[in-house]
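**Q** my questions are about this predicted structure, shown below with the sequence.
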Amino acid sequence: MMANSGPVLFGLMEFTDGISRDVANVPAKLIFGVSDAAEAAQQIRDAGYTFQIPGIIASDPDGYGAELLPEIEAGTDHAIVAVGLFVSDYLGSIDFYVEGLGMVAAADTGLGPFMEKVMIGAGLPHGILIMHYEDGVRRNYKDNPVKLSFTVPNAAEALIRVEAAGGTIVAQPTPVPALADALVGVAKDLDGYTLEFVQR
């Protein structure tokens, strides 16, 4: 799926292996740049969806968050400007994405009852937000069904770096026919979020 503008693609996935998973209320969100946040929020309400934080973060049918961020640069209206992951170890996850993926820790932008660090780099046209709740409510941060895909010059080297930073290798680089036989390697971060490395 593609937002109205911008280079970020996102996919909706459904597991077909018969294994039962909790895919509701996953602690992750997509952040959309919008030129008129009030109008976008009303459109969401008119479609029958609710908000986690009124007028700012809506819930999709499975509870994933959709945050409305006033447009920060021309041409980004309704484009995905970041992906947010809630993590169990805030500082440890920041270190992982710096060491394992070469990202840079930028601004602190906490919204509501959680800490939030903007991570940039790793060849992504958008940022990743590393987030952690501070409200004392128990949440499942482990093995949630979210995947980030990175284009890299060498998938094998990317996996080695992720493992050295504390991640787990799931699959060594293998040609994928649907991607013109590009080599694809798969790993997991500290909380089990899936990281896919596509060698191009």
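**A** Perfect, I can see it now.

**Q** what about the spatially most central residue of the chain, which helix or strand?
**A** Most central in the chain under CA atoms, centre = their mean is Val83, positioned 3.6 Å from the mean C-alpha point. According to DSSP states H and E, Val83 maps onto strand 79-86.

**Q** same for that strand, what does it pack against?
**A** Judged by 3 or more CB pairs under 8 Å, 6 or more residues apart in numbering; DSSP states H and E, strand 79-86 is in contact with strand 28-34, strand 65-70, strand 114-120, strand 127-133. Glycine gets a C-beta too; all of them are placed from N, C-alpha and C.

**Q** out of those, flag the one nearest Ala41.
**A** Smallest distance to Ala41 across these (CB to CB): 6.1 Å, for strand 65-70.

**Q** ok, and what's touching the closest one?
**A** Outside strand 65-70, the residues that touch it by CB atoms under 8 Å, 6 or more residues apart in numbering are 28-35, 37, 40-41, 44, 52, 55-60, 81-82, 84, 111.

**Q** so how do I select the buried members of those in ChimeraX?
**A** Filtering the contacts of strand 65-70 down to the buried ones (16 or more other CB atoms under 10 Å) takes a single ChimeraX command:
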select :28,29,30,31,32,33,34,37,40,41,44,56,57,58,59,81,82,84
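
**Q** pLDDT below threshold where in this structure?
**A** Scanning the chain for pLDDT under 70 picks out 1-9, 23-25, 71-78, 110-112, 125.

**Q** what residue of it is the furthest out?
**A** Largest centroid distance in the chain under CA atoms, centre = their mean is Asp46 at 26.2 Å.

**Q** would you map out the domains in the protein?
**A** 1-140, 146-200 (automatic domain parsing).

**Q** all helices for this protein, in order.
**A** 37-46, 90-101, 155-164 (DSSP state H).

**Q** what's the angle from the first one to strand 28-34?
**A** Looking back up the chat, that one is helix 37-46. 130 degrees (axes from the mean of the first three to the mean of the last three CA atoms, to 10 degrees).

**Q** ditto for the longest one
**A** Using the same axes, to 10 degrees, one finds that helix 90-101 and strand 28-34 are set 80 degrees apart in direction.

**Q** could you give me the buried positions within helix 90-101?
**A** Those would be 90, 93-98, 100-101, for helix 90-101 by 16+ other CB under 10 Å.
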